[in-house]
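Q: Would you be able to build a 3D model of this:
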Amino acid sequence: MAQWFANIWRLGLKELRSLVADPVIVLLIIYIFSYAVYAVATGAKLEVENAAVGYVDQDRSELSGRILGAVLPPEFEEPQEVAADEAEAALNNSRFVFVLTFPPRFEADVLAGRQPEIQLVVDATAMAHAGNGAVFLRHIIQEEVAKFVSRKGDATVLPIDLVVRAAFNPNLNSSWFSSIMQVINNVTILSVLLTGAALIREREHGTIEHLLVMPVTPSEIMVAKIWANGLAIVAAAILSLLFVVQMVLSVPVAGSITLFVVGAVIYMVSVTGLGILLATFTTSMPQFGLLALPVLVVMNLLSGSTTPIESIPEWLRIVMQAAPSTHFVAFAQAILYRGAGLSAVWPSLVTMTVLSAVFFIIALMRFRKTMASA
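A: Numbering: from 1, shown residues only. Now for the predicted structure:
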């Protein structure tokens, strides 16, 4: 057993030296856990910001003016008037995301209690703006109409007072979500790519034959690749959370980073095993990239890191329970967003442990078969 650990240690050091000696891989790790996280967090925003609003005002009343005056930055740009016969063309040309149309006698009908209709046309190709922006505009219209009808400085008194409190992200800032999710997704991507690339590199450089004549076993080679590449990825993820997410982006991390690292290490066994498994079916880096790409896309899009896991079809949700990324995302979100402790996340840890063992065994069986035929 001591010799087994010694071999794993020495082979792992060889992997680390090979990793450090490859400037492209080193730059990739630095980039993907630094600028890539920052760029996604600051550039890919989910909230409504600077949405273009056009309007057709056929009433020219005080009420329509008050509604348009309440459409303010930073959510919306200043509304621009457009002729009724040009509104559709303006939407088709992406000049506006929203077009409001006020009918004739709008104010008079409101005061008379006739409940006139305001038309809001939305460019639904801009999905984030379309959904959230339409809700904001509807709220603005209802609030301004209530103030106008009541002739007071506040809204009409309702029979209930609904108070909304946003937990864990009070300002609904999308960068709080996207920055941490980018780190989590990058852990998955690099875990698969680095370990798979390490095996492919052994074949391309001819060093796999050297390993075959050494007194080492396939399990020792595989475990060494897992701990060496996993160490580099976990270290990069920790530095990214501490410096890029917390320091540069000022995003608070609610829970224990130590507990997150424990789960990441367990998760690493499954995804690095997956990388080795995929590499055994290929003979070159281009082949490996083509095979890994659809696997990574499905894992990221359907794991709950991009969209809620509850929004996908039930049968697909059941299938994705076999993917370790689904449980790692739930585990990481509970800790880093909500500050959950071990008592809340232990089921995810157990599930990831079982899946890691399964993936490791399958990858090891395939790796042994590949080495035997080499």
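Q: Quick check, pLDDT for T156.
A: Per-residue pLDDT puts T156 at 49.
Q: Quick check on the nearest residue to Q246 once chain neighbours are set aside: phi, psi?
A: Once flanking residues are discounted, Q246 sits nearest to V253: 5.9 Å by C-beta to C-beta, 6 or more residues apart in numbering. Glycine gets a C-beta too; all of them are placed from N, C-alpha and C. Backbone torsions of V253, given as degrees, to the nearest 10, read phi -100, psi 120.
Q: Could you tell me the end-to-end distance of stretch 98-106?
A: Stretch 98-106 has an end-to-end distance of 19 Å (C-alpha to C-alpha, to the nearest Å).
Q: just stretch 269-288 next, same as before
A: Distance between the two ends of stretch 269-288: 19 Å, counting by C-alpha to C-alpha.
Q: Report the buried residues of the helix or strand hosting G263.
A: Following DSSP states H and E, the helix or strand that holds G263 is helix 257-279. Residues 257, 259-260, 262-264, 266-279 are the ones in helix 257-279 that count as buried (16 or more other C-beta atoms under 10 Å).
Q: Got the phi and psi for A51?
A: Backbone geometry at A51, expressed as degrees, to the nearest 10, gives phi -80, psi 130.
Q: repeat for F98
A: With angles defined as degrees, to the nearest 10, F98 sits at phi -130, psi 140.
Q: which residues does P73 contact?
A: Contacts for P73 (C-beta atoms under 8 Å, 6 or more residues apart in numbering) come out as N50.
Q: average pLDDT across the helix holding G263?
A: Mean per-residue pLDDT for helix 257-279: 92.
Q: Do a quick rundown of the strands in the protein.
A: Under the criterion DSSP state E, the chain contains strands at 53-57, 80-81, 98-102, 119-122.
Q: Those into TSV, with extra columns for mean pLDDT, mean neighbour count and distance to S356?
A: As requested, the strands of the chain are arranged in TSV below (pLDDT from 0 to 100; neighbours: other C-beta atoms under 10 Å; distance: least, C-beta to C-beta, whole Å):
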stretch	mean pLDDT	mean neighbour count	distance to S356
strand 53-57	93	20	51
strand 80-81	93	12	56
strand 98-102	93	23	48
strand 119-122	91	16	45
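Q: Nearest to L296, out of those strands?
A: strand 119-122 (33.2 Å; C-beta to C-beta).
Q: what about the stretch 251-374 of the chain, any weak spots by pLDDT?
A: The stretch 251-374 of the chain contains residues with pLDDT under 70 at 372-374.
Q: Spit out the contact partners of L316.
A: If you count contacts by C-beta under 8 Å, 6+ apart, L316 has them with L302.
Q: ok, now the one 5 residues further on?
A: With contact taken as C-beta under 8 Å, 6+ apart, Q321 is in contact with H327.
Q: Apply 10 Å and report the result again.
A: Contact partners of Q321, counting by C-beta atoms under 10 Å, 6 or more residues apart in numbering, are I309, H327, T351, L355.
Q: Assess the claim that I221 and I276 are in contact.
A: Yes - judged on C-beta atoms under 10 Å, I221 makes contact with I276 at a distance of 9.5 Å.
Q: Mind listing the shared neighbours of these two?
A: Joint contacts of I221 and I276 (C-beta under 10 Å, 6+ apart) are L199, L364, F367.
Q: got a winner among those for most neighbours?
A: Tallying neighbours with other C-beta atoms under 10 Å puts L199 at the head of these, with 23 neighbours.
Q: what's near enough to touch V192?
A: 229, 271-279, 288, 292, 295-296, 299, 325.
Q: please redo it, this time with the cut-off set to 7 Å
A: Applying C-beta atoms under 7 Å, 6 or more residues apart in numbering to V192 gives the contacts V271, L274, G275, L278, A292, L296.
Q: nearest residue to it other than its sequence neighbours?
A: Of all residues not flanking V192 in the chain, G275 sits nearest, at 4.0 Å (C-beta to C-beta, 6+ apart).
Q: Quick check: the one you found vs Q333, distance?
A: G275 sits 23 Å away from Q333, going by C-beta to C-beta, to the nearest Å.
Q: do R114 as well
A: Going from R114 to Q333 by C-beta to C-beta gives 49 Å.
Q: Neighbour count: those two, which is higher?
A: For R114 versus Q333, the count of surrounding residues by other C-beta under 10 Å is larger for Q333: 21 against 10.
Q: measure that one to A134 for me?
A: According to C-beta to C-beta, Q333 stands 27 Å off from A134.
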